[in-house]
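>>> Predicted structure and sequence below. I'll ask about it afterward.
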Amino acid sequence: MMQMSRRRTLQAAFAAVLGATGAAACTKSDSSSALASTPPRTRLPKEGDWRMPEESHPHELTYMAWPTRDIWKSDTADVRDDIAGIARAIAAFEPVTLLANEQDVKAARRACGTGVDILPVPVDDLWMRDTGPNFVLGASDVAGIDLNFNGWGGKQKHDRDGRVAQEILHSERIARIQAPITGEGGGIEIDGQGTLLATESCWVNDNRNPGKSRGDIEDAMKSLYGVTKVIWVDGVKGHDITDYHIDALARFSEPGLVVMSTPPEDAPEDVWTKAYDQAHSVLKKARDARGKSLEIVELPEPADLRGHSEDFLASYVNYYVCNGGVVMPRFGDARADKDALSIVQDLYPGREVVQVSVDTLGEGGGGIHCSTQQLPKAP
């Protein structure tokens, strides 16, 4: 389960810096206009005409970002190996564009190979799911939602990452939708048929959306993502840097089918097992935007985590669906890895499922899905 250690040691180091920038960023979402100026030669779909497609919708490419020494310190080489491995695995299925600071471009290119495009863009960290734009489709256009990333509620320095969504959209000449709320892409899960899953802990939180009720945030989500039903689970506040993102807990493999990261049977009762139990209970009773009950598939977490800290993110559901494939983690528990592979293969028939070791990434509290962001093909 995800613990406070996700870049935990950085919080004290950046506390002084965040005193001003964190508070300012938390109010960024109070803008009266949901739409910001757009780059040249772009068209913004009419509000209400766009929707976020499911992750299995065909992609133009995948965005990723290169880890920096400022963040990862002595673990930089190892986490770069993880990111390069993920990038190469995805590049076997679709194009990958990896953002890197100018001084890191050569290193990134050497590690990732010629199958990955390196784009010089200033970044602080690798968590592209949270810093990049959430892409939505109109009748014939694509637009990008900028969720006003503020370092997970001011917990980490985000000066560069706070501009990543805008940099990508400007580079691609894609219209930018500035959200009236603050959050991260890992905080939502979409079925492509009008239903969105979210943890209340990371959205209805004064560190991101001060003064906004759950109803206010839900209304904004419906408008931004083109959904008609939002299913909320409690989540956990204050025990990890994300305040518990949904993409480490529950994912749609198809409309009506939710796969959940399930704790081992002998897992001690703690905030994480309680959050799982509460979410399972909610999803078992919920109906989606089509009025249909949800089927739940359990994806057991590994039981043998020797060599990993207790804070290691051991969630198989933090996988990434790409064109013709699924890239998922391998954690070193041979039986659990094999069982998880089999389950995901059953969930995604016709796609090749590839497992990648992400030990350092997991120690940092994230996973494969956290480090990727898809650009869907326009209609």
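Arrived safely.
>>> quick check: mean pLDDT across stretch 105-117?
Taken as a whole, stretch 105-117 has a mean pLDDT of 97.
>>> For that stretch, buried residues please.
Judged by neighbour count (16 or more other Cβ atoms under 10 Å), stretch 105-117 contains these buried residues: V105, A107, A108, R109, A111, C112, V116. Every C-beta, even on glycine, is put in place using the N, C-alpha and C of the backbone.
>>> what about the fifth one, which SS state?
Which is A111. Look at A111: counting by DSSP: H, G, I helix; E, B strand; the rest coil, its state is helix.
>>> residue boundaries of the helices in the stretch 251-379 of the chain?
271-285, 334-347, 359-363 (DSSP state H, counting those that start in this stretch).
>>> next one: the stretch 51-200 of the chain
Counting by DSSP H, counting those that start in this stretch, the helices of the stretch 51-200 of the chain are 69-72, 76-91, 105-112, 128-131, 151-154, 164-172, 200-203.
>>> chain center to the first one, what's the gap?
Centroid displacement of helix 69-72 relative to its chain, using Cα atoms, centre = their mean, to the nearest Å, is 20 Å.
>>> One more: the fifth one?
Its chain's C-alpha centre lies 14 Å from the corresponding centre of helix 151-154 when counted by Cα atoms, centre = their mean.
>>> check contacts around the residue nearest to the spatial centre of the chain.
In the chain, the centroid-proximal residue (Cα atoms, centre = their mean) is G186; its distance is 2.9 Å. Counting by Cβ atoms under 8 Å, 6 or more residues apart in numbering, G186 touches W127, R129, D130, T242, H245, I246, D247, A248, H369, C370.
>>> Equivalent analysis for R88, please.
Per Cβ under 8 Å, 6+ apart, neighbours of R88: C112, G113, G115, V116.
>>> Just flag the most distant two among those.
Spatial extent of the contacts of R88 (Cβ to Cβ) is set by the pair C112 and G115 at 7.4 Å.
>>> can you list residues touching both of those two?
Both C112 and G115 are contacted by R88, A91, V96, under the criterion Cβ under 8 Å, 6+ apart.
>>> just curious, which of the contacts of G186 is nearest to V327?
Among these, and counting by Cβ to Cβ, the member closest to V327 is H369, at 9.1 Å.
>>> How much space separates the closest one from P210?
Applying Cβ to Cβ, to the nearest Å, the value for H369 to P210 is 28 Å.
>>> ok, these two, which is more surrounded?
Applying other Cβ atoms under 10 Å to H369 and P210 shows that H369 carries more neighbours, namely 26 against 13.
>>> which residues does the more buried one contact?
Neighbour list for H369: R129, G186, D247, N318, Y319, Y320 [criterion: Cβ under 8 Å, 6+ apart].
>>> ok, now H308?
Listed by Cβ under 8 Å, 6+ apart, the contact partners of H308 are A314, F331, G332, D359, G362, E363.
>>> Could you double-check that the fourth one sits in contact with D82?
I take that to be D359. Yes. Between D359 and D82 a contact is recorded at 7.1 Å, counting by Cβ atoms under 8 Å.
>>> Looking at these two, which is more packed in?
More neighbours sit around D82 than around the other of D359 and D82, counting by other Cβ under 10 Å; the figures are 26 against 18.
>>> I'd guessed the more buried one sits against G366; true?
No. Look at D82 against G366 with Cβ under 8 Å: they stay out of range, at 9.8 Å.
>>> which intervals of the stretch 101-250 of the chain have sub-threshold pLDDT?
In the prediction, the stretch 101-250 of the chain carries no residues with pLDDT under 70.
>>> Over to P255: give its phi and psi.
With angles defined as degrees, to the nearest 10, P255 shows backbone torsions of phi -60, psi 130.
>>> Show the contacting residues for it.
Neighbour list for P255: E54, D191, G192, Q193, T195, D288, R290 [criterion: Cβ under 8 Å, 6+ apart].
>>> Do a quick rundown of the strands in the stretch 1-150 of the chain.
In the stretch 1-150 of the chain, the strands defined using DSSP state E, counting those that start in this stretch lie at 59-65, 96-100, 116-120, 134-137, 142-146.
>>> Mind putting those into a markdown table with distance to S223?
Shown next, in a markdown table, are these (distance: least, Cβ to Cβ, whole Å):
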| stretch | distance to S223 |
| --- | --- |
| strand 59-65 | 24 |
| strand 96-100 | 28 |
| strand 116-120 | 30 |
| strand 134-137 | 11 |
| strand 142-146 | 10 |
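>>> Tell me which of these lies nearest to Q278.
Nearest of these to Q278, taken as Cβ to Cβ: strand 134-137 at 25.7 Å.
>>> same for the closest one, what does it pack against?
Helices and strands touching strand 134-137, as assessed by 3 or more Cβ pairs under 8 Å, 6 or more residues apart in numbering; DSSP states H and E, comprise strand 142-146, helix 214-225, strand 373-376.
>>> what pairs with whichever helix or strand comes after the second one, and is each one parallel or antiparallel?
Taking DSSP states H and E as the definition, the helix or strand that follows helix 214-225 towards the C-terminus is strand 229-233. Looking at strand 229-233 with DSSP bridges, its partner strands are strand 195-199 (parallel).
>>> which ones are touching D191?
Residues near D191 by Cβ under 8 Å, 6+ apart: E54, F252, E254, P255, G256, D288, A289.
>>> Check the residues you listed and tell me the two furthest apart.
E254 and A289 (13.8 Å).
>>> Show residues contacting stretch 347-362.
Stretch 347-362 is contacted from outside by 56, 75, 78-79, 81-83, 85-86, 89, 92-93, 253-254, 257, 259, 297, 307-308, 312-314, 321, 324-332, 337, 341, 344-345, 367-368, 370-371, using Cβ under 8 Å, 6+ apart.
>>> Going by neighbour count, which of those residues are buried?
Looks like those have 56, 75, 79, 81-83, 85-86, 89, 93, 253, 259, 297, 308, 312-314, 321, 325-332, 337, 341, 344, 367-368, 370-371 buried, using 16+ other Cβ under 10 Å.
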